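K.L.:
A structural model of the following input is requested.
(2 chains)
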Amino acid sequence: AQSVTQLGSHVSVSEGALVLLRCNYSSSVPPYLFWYVQYPNQGLQLLLKYTSAATLVKGINGFEAEFKKSETSFHLTKPSAHMSDAAEYFCAVSPINDYKLSFGAGTTVTVRA
Amino acid sequence: DVKVTQSSRYLVKRTGEKVFLECVQDMDHENMFWYRQDPGLGLRLIYFSYDVKMKEKGDIPEGYSVSREKKERFSLILESASTNQTSMYLCASSLPTATNEKLFFGSGTQLSVL
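P.N.:
Sure, this is the predicted structure:
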């Protein structure tokens, strides 16, 4: 079974600082990978996805993630944090040609003024 | 705008009660999903459905059942609620693409079982 591990359940950054959220996956073949964001009292929204095209994926709100097969990683970054980035972020993995996504435990981001 | 609507934002039930959580989507999506979200555990798939009257167990189906009589509606049923089913429940839907790359989520139902 495929799974993802998110390193760090909480990340605190200063406004304007780099945001780095770590995600590693376990899979015998490169899967599809996703980052979702959940703002308070809302459902999840797709930030970006990797589906075997370009390894550097750009998403909404200035986020991007790089797929590194050698490290089995798909870390999420944003060069400059904004207060509105405070939310919970989930990494997810799906086998190719499968309906089901498996989610990581989530990382809560707080942004300090 | 696409919409997945969950009927209740907050629900409080007693142990042993039969509980229905309702989810409706207006996007004509074939796939619908029920997840539960718990702190430190992320989202875990309970059941999903890829067509009317079709369902498959997810990773944690025990204590739950589902019903999909119409394409737009997917119900989660707790046959006899227990305190360990206190959780946030999220419904989602998607098109039946191979990548299943975009789930549309409802806002969630916070269920408390006392």
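K.L.:
Can you list the low-confidence ranges for the chain?
P.N.:
Answering for chain A, as no chain was given. Filtered on pLDDT under 70, chain A yields the residue ranges A:1.
K.L.:
meant chain B, my bad for not saying
P.N.:
Low-confidence regions of chain B, defined by pLDDT under 70, span residues B:1-2, B:97-101.
K.L.:
Around the residue of it at minimum distance from chain A, how many other residues sit close by?
P.N.:
Checking chain B residue by residue against chain A with CB to the nearest CB singles out residue B:105 as nearest, at 3.1 Å. Where C-beta positions appear, they are placed from N, C-alpha and C, glycine not excepted. The local packing count at residue B:105 equals 22, with neighbours defined by other CB atoms under 10 Å in any protein chain shown.
K.L.:
How about it: what's its closest non-neighbour residue?
P.N.:
In space, residue B:105 comes closest to residue A:43 once its chain neighbours are excluded; the distance is 3.1 Å by CB to CB, 6 or more residues apart in numbering or on different chains.
K.L.:
Please verify my assumption that the one you found contacts residue B:89.
P.N.:
No: with contact taken as CB atoms under 8 Å, residue A:43 and residue B:89 are classed as non-touching, separated by 11.0 Å.
K.L.:
Pick out whichever of the two has more residues nearby.
P.N.:
Between residue A:43 and residue B:89, counting by other CB under 10 Å, residue B:89 is the more crowded of the two (24 against 19).
K.L.:
quick one, what contacts the more buried one?
P.N.:
With CB atoms under 8 Å, 6 or more residues apart in numbering or on different chains as the criterion, the residues that contact residue B:89 are B:6, B:21, B:34, B:35, B:36, B:37, B:76, B:108, B:109, B:110, B:111.
K.L.:
what sits in contact with each of residue A:43 and residue B:89?
P.N.:
Common contact partners of residue A:43 and residue B:89 (CB under 8 Å, 6+ apart): residue B:108.
K.L.:
related to what we said a few turns ago, mind putting the contacts of residue B:89 into TSV with secondary structure?
P.N.:
TSV is the format used below for those (DSSP: H, G, I helix; E, B strand; the rest coil):
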residue	secondary structure
B:6	strand
B:21	strand
B:34	strand
B:35	strand
B:36	strand
B:37	strand
B:76	strand
B:108	coil
B:109	strand
B:110	strand
B:111	strand
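K.L.:
Same list, the residues you listed, but as TSV with distance to residue B:82 and neighbour count please.
P.N.:
Compiled in TSV, the contacts of residue B:89 are given as follows (distance: CB to CB, whole Å; neighbours: other CB atoms under 10 Å in any protein chain shown):
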residue	distance to residue B:82	neighbour count
B:6	21	20
B:21	15	21
B:34	17	25
B:35	18	27
B:36	13	23
B:37	18	21
B:76	15	23
B:108	20	23
B:109	17	22
B:110	16	16
B:111	11	21
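K.L.:
Closest one to residue A:14 out of those residues, please.
P.N.:
Within the contacts of residue B:89, the smallest distance to residue A:14 is 28.3 Å, found for residue B:37 (CB to CB).
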